[in-house]
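[1] Predicted structure and sequence below. I'll ask about it afterward.
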Amino acid sequence: MHFFKCKYCLVLFYFVFLHAQHHDAVSSSPAIQSIRNTIDVLTSDSAEGRGTGEPGQWVAAQYISSLCKQFHLLPLGDSGTYFQHFTVTKKKMLPTSTLTITNEHFRKTYTWGEDFITNEPLECNDSAPVYFMGPLSNSLVQQHFDSLRQSFLFFIASYDSIPHSFEYATIIKNTQRIFDTAIVGILIGFDSTENDLYELLVAHSTDQRQQKLSLQSTNTTTQLPIIFISPKVTLELMKLLPRSLTSSTMGNTNNLNPSLKEVTITLQCMYEHVLLSTCNIVGYLPGTDSTLKHEYIVITAHYDHLGKHTDTLFFPGANDNASGTAVVLEIARQLSQIARRSRSFIFVYFTGEEHGLLGSKYFITNPPVPLRSIVGVINVDMVGRNDEDHTTPHYIYVIGSTKVRSNLDSIIQSANRETVHFELDYRYNDDSDPHKLLWRSDHSVFLLRGIPSVFFFGGFHADYHEQTDTKEKLDLQKLDLVVRLVLQVAMKLSHIGTTLHTIDK
């Protein structure tokens, strides 16, 4: 009996040893080591969260361009470099901005950043009556417009009506769309100090110094102002409501928009703006077919993130999107070692994605090659983590691949069968999805031009846009699998005998 136990233990040890060897071999493979090195640099203290136009972004840009040169990519930026330079405007709210509530017996002025914040930097000096509209929810419909013009509308946000932050963002956009600019602005109050939605908004605003970036040449359309007021201010404003509109009637949607008795809101906001220099990084590998080399496959990832939180703290953005940047750099490394590439490949590392796809919008209006010659786009964003909707990490979300008539999606499915056998999840490939991921990453600017494009995505997680999005939480083995899948898709696109689409750009 003792002998058999020992023999069993030896066999078990042998298999454990083999598994450990295999795991170490995978973990130390050239691909994973290259991915790890890139993520280490992009999430380092010197990169400072890679905020667009900030010093840390330039640290990341220099590193990425050095790898482009090392991988023998040809420069496709300005003046024979890898850098496609452009300028953005940063708007920053001034702390002297105020909100004043007034009626016959009450007058109080509140300060920006402590008592209220705005959805974006504003410059205004508006005074108007305020109407109470009840709970903020997605069931809001357009009504009573004639009596609401030139006024502020006051809503209450609560966990009962807004269970999730993504749904909350959608509700805000729907509210702006419904009321357009017929009114002065929308006040959103928070029902108690236990409701931390307001604190989350304040944290985001102060982390970003309430800055809004835009392309310098862009004439941005001013959206309907949204003013978020703290629970303390909400309570003081609620005390001015008619007695019939206490919390017991707030849930009654038949009791919308009665005016607060003789209450006026005065909003005085100011901001400053500065110009920031930033850049995309662009390199290419020429194709080897004498005809097809004049057609291009674009592979992209954004390398920017949210930047610094304070002078000493920053958002590392390991998954968003050091992961995608590392994947695309590794694909560039491996493609550069392949002798036969029928079509040419352009690798673009975008900046400004976190501020509204600024880098890709600049690229699409200032393309280094004719847009007509771009036959397909692969975008990689947030692929190093797994979400709670999947029991294993062996999946990837596929977004946008069916939105332009082409055989791109069938190529993706074929490449997946030939390589990693991921579960291909298409749940976000839908205009009706509340997250609107079809239009929230850099592939979307190409889709809008009719270019077949796909966005590979790993899903949301609790560390999204938090300082806790760190490199230790990334699944490096999964990133290696994503490289294998995207590389196979890229090679199939390179060698396919006909173009993916025929459109008039």
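    Arrived safely.

[2] ok, residues contacting stretch 400-418?
    Contact with stretch 400-418 is made by 376, 379, 398, 422, 424, 426, 429, 438, 443-444, 447, 450-455, 485, 488-489, 492-493, 496, 500-501, as judged by CB atoms under 8 Å, 6 or more residues apart in numbering. No exception for glycine: its C-beta is placed from N, CA and C like everyone else's.

[3] swap the cut-off to 7 Å and go again
    Stretch 400-418 has contacts (CB atoms under 7 Å, 6 or more residues apart in numbering) with 376, 398, 422, 424, 429, 438, 443, 447, 450-455, 485, 488-489, 492-493, 500-501.

[4] What residues sit buried inside it?
    By 16 or more other CB atoms under 10 Å, the buried positions in stretch 400-418 come out as 400-404, 406-409, 411-412, 415-416.

[5] Output it as PDB, restricted to C-alpha atoms.
    Extracted in PDB, the C-alpha atoms of stretch 400-418 (Å, rounded to 0.1, in the frame of the first residue of the first chain):
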ATOM      1  CA  GLY A 400     -19.100  46.800 -35.500                       C
ATOM      2  CA  SER A 401     -18.100  43.900 -37.800                       C
ATOM      3  CA  THR A 402     -21.600  43.600 -39.300                       C
ATOM      4  CA  LYS A 403     -22.400  47.300 -39.700                       C
ATOM      5  CA  VAL A 404     -20.900  47.800 -43.100                       C
ATOM      6  CA  ARG A 405     -21.800  45.300 -45.800                       C
ATOM      7  CA  SER A 406     -18.700  43.200 -46.200                       C
ATOM      8  CA  ASN A 407     -17.300  39.700 -45.400                       C
ATOM      9  CA  LEU A 408     -15.300  41.100 -42.400                       C
ATOM     10  CA  ASP A 409     -17.400  39.200 -39.800                       C
ATOM     11  CA  SER A 410     -17.100  35.900 -41.600                       C
ATOM     12  CA  ILE A 411     -13.300  36.400 -41.800                       C
ATOM     13  CA  ILE A 412     -13.300  37.000 -38.000                       C
ATOM     14  CA  GLN A 413     -15.300  33.800 -37.300                       C
ATOM     15  CA  SER A 414     -13.000  31.800 -39.600                       C
ATOM     16  CA  ALA A 415      -9.900  33.200 -38.000                       C
ATOM     17  CA  ASN A 416     -11.200  32.400 -34.600                       C
ATOM     18  CA  ARG A 417     -12.000  28.800 -35.500                       C
ATOM     19  CA  GLU A 418      -8.400  28.400 -36.900                       C
END
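
[6] so where's the stretch 201-350 of the chain shaky on pLDDT?
    Confidence mapping of the stretch 201-350 of the chain against pLDDT under 70 gives the ranges 203-211, 217-223, 242-261.

[7] Walking through it, point out its helices one by one.
    Along the stretch 201-350 of the chain, counting by DSSP state H, counting those that start in this stretch, helices occupy 231-238, 324-336.

[8] Please spell out which residues along the first one are buried.
    So the one you mean is helix 231-238. So, applying 16+ other CB under 10 Å, buried residues of helix 231-238: Pro231, Val233, Thr234, Glu236, Leu237, Met238.

[9] for stretch 266-286, same thing?
    For stretch 266-286, the neighbour count (16+ other CB under 10 Å) marks 266-271, 276, 278-285 as buried.

[10] Could you do stretch 111-127 as well?
    The neighbour-count check on stretch 111-127 (16+ other CB under 10 Å) flags Trp112, Asp115, Phe116, Ile117, Thr118, Asn119, Glu120, Pro121, Leu122 as buried.

[11] residues touching Pro368, list them.
    Neighbouring residues of Pro368 by CB under 7 Å, 6+ apart: Leu76, Val282.

[12] mind running it again at 8 Å?
    Going by CB under 8 Å, 6+ apart, Pro368 touches Leu76, Gly77, Gln84, Val282, Ile346.

[13] phi, psi of it?
    Backbone torsions of Pro368, given as degrees, to the nearest 10, read phi -80, psi -10.

[14] Could you tell me which residues make contact with Leu42?
    Neighbour list for Leu42: Arg50, Ala60, Tyr63, Tyr303, Gly317, Ala318, Ala322, Thr325, Ala326 [criterion: CB under 8 Å, 6+ apart].

[15] Need the max-distance pair from those.
    Distance extremes for these: the farthest pair is Tyr63 and Ala318 at 15.2 Å, using CB to CB.

[16] Neighbour count for the two, which is higher?
    The residue with more neighbours, out of Tyr63 and Ala318, is Ala318; 25 against 21, by other CB atoms under 10 Å.

[17] So that one sits against Asp469, correct?
    Yes: Ala318 lies in contact with Asp469 (CB atoms under 8 Å); the separation is 5.2 Å.

[18] Val380 and Ile297, how far apart?
    As judged by CB to CB, to the nearest Å, Val380 and Ile297 stand 13 Å apart.

[19] hang on, the earlier thing: pipe the helices of the stretch 201-350 of the chain into a markdown table and attach distance to Glu353 per row.
    A markdown table is the format used below for these (distance: least, CB to CB, whole Å):
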| stretch | distance to Glu353 |
| --- | --- |
| helix 231-238 | 33 |
| helix 324-336 | 10 |
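
[20] Could you say which one of those helices comes nearest to Pro367?
    Proximity to Pro367 (CB to CB) singles out helix 324-336 among the helices of the stretch 201-350 of the chain, at 18.2 Å.

[21] Which positions within the closest one qualify as buried?
    For helix 324-336, by 16+ other CB under 10 Å, it's 324-336.
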